[in-house]
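1. The sequence and its predicted three-dimensional model are supplied below.
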Amino acid sequence: MVMKVGITGGIGAGKTTVCQIFEALGVPVYYADERARHILMKNHELHSELRNHFGEEIFDGEGIPDRKKIAAIVFNDKEKLQTLNSLIHPRVGKDWNDWLSSRDYAFSYVLKEAALLFESGSFKQLDKIICVAAPDNLRISRVVSRDGVSEEDVKLRMKNQLSQELKISLSQFLILNDEKESLIPQVIRVHRKILKLAEPKK
């Protein structure tokens with residue numbers, strides 16, 4: 001049985017960069033946030049449920065959900081954010097299971113990358129968790145530069161996630177992406193530890 005390892009971290013921590021290093025080592029990575037965006041755009045059954053909960057105004061002229069309009073609604077309303085998550089997370093969960101069952105594994109473990117691993121409860125289906133962490137000021141500047149948003153917007157998004165400290169305490173492995181300590185040796189260390197854990201018991 002393949003070991004399932006989660007990789008998470010707050011916005012701007014650098015999860016994708018770390019995942020790309022694992023992929024270079026041959027580890028299969030499931031990008032939950034990317035898949036959630038794909039499902040949001042393409043799943044017509046989900047579109048119908050979104051209309052029921054949020055109205056027609058969240059769709060563009062071609063009937064595709066407008067992520068910016070949805071974000072403007074949910075990030076200031078925890079109840080609506082929970083509703084959105086309850087519509088998307090089960091579908092991502094099914095997509096993850098389909099992905100797992102369709103893999104040929106080079107290694108005895110796979111990675112599931114997700115920003116909301118703890119918030120969604122999907123961590124319960126995983127064997128180990130890696131947290132990617134970085135100082136808040138660095139995370140904010142990365143997201144401002146990447147997404148073209150204001151510092152206030154980033155801080156609001158951070159507020160809707162569990163604190164970095166809590167994510168670290170709930171994880172078994174930590175990778176620090178502070179632009180001081182090199183990432184590749186940290187990833188290789190964690191990779192070797194997980195390979196050892198994933199070895200069949202004799």
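-> That came in fine, so what should we check first?
2. can you map out the helices along the protein?
-> All helices of the chain, identified by DSSP state H, fall at 15-24, 32-42, 44-54, 67-74, 78-101, 136-147, 151-159, 164-170, 183-198.
3. just checking, what packs against the fifth one?
-> Read that as helix 78-101. Judged by 3 or more CB pairs under 8 Å, 6 or more residues apart in numbering; DSSP states H and E, helix 78-101 is in contact with strand 29-31, helix 32-42, helix 44-54, helix 67-74. For glycine as for every other residue, the C-beta is placed from the backbone atoms N, C-alpha and C.
4. Please find the angle between the direction vectors of that helix and helix 32-42.
-> Inter-element angle recorded for helix 78-101 and helix 32-42: 100 degrees (by axes from the mean of the first three to the mean of the last three CA atoms, to 10 degrees).
5. Which pLDDT value goes with Lys202?
-> With respect to pLDDT, Lys202 scores 57.
6. what do you get for Ala106?
-> At Ala106, pLDDT is 62.
7. go on, Ile39?
-> Ile39 is assigned 95 on the pLDDT scale.
8. What of Gly63?
-> Looking at Gly63, the pLDDT reads 88.
9. is it true that it touches Leu50?
-> No. Gly63 is not in contact with Leu50 according to CB atoms under 8 Å; the separation is 10.9 Å.
10. ok, those two, which is more surrounded?
-> Leu50 (21 against 10; other CB atoms under 10 Å).
11. Please report how far that one lies from Ala114.
-> According to CB to CB, to the nearest Å, Leu50 and Ala114 sit 21 Å apart.
12. what's the neighbour count on Arg35?
-> That count, for Arg35 with other CB under 10 Å as the rule, works out to 19.
13. residues touching it, list them.
-> Listed by CB atoms under 8 Å, 6 or more residues apart in numbering, the contact partners of Arg35 are 92, 95-96.
14. Try it again at 10 Å.
-> Residues near Arg35 by CB atoms under 10 Å, 6 or more residues apart in numbering: 88, 91-92, 95-96, 99, 112-114.
15. Could you find the closest non-adjacent residue to the residue nearest the centre of the chain?
-> By CA atoms, centre = their mean, the chain has its centre lying nearest to Ala114, at 1.6 Å. Distances taken as CB to CB, 6 or more residues apart in numbering put Ala32 closest to Ala114, at 3.7 Å, once the chain neighbours are dropped.
16. which residues sit in contact with that neighbour?
-> 6-8, 89, 92-93, 95-96, 99, 112-117, 120, 122.
17. Contacts only, for the residue nearest to the centre of the chain.
-> If a contact means CB under 10 Å, 6+ apart, then Ala114 has 6-9, 15, 30-36, 89, 92, 96, 120, 122-123, 126 as its contacts.
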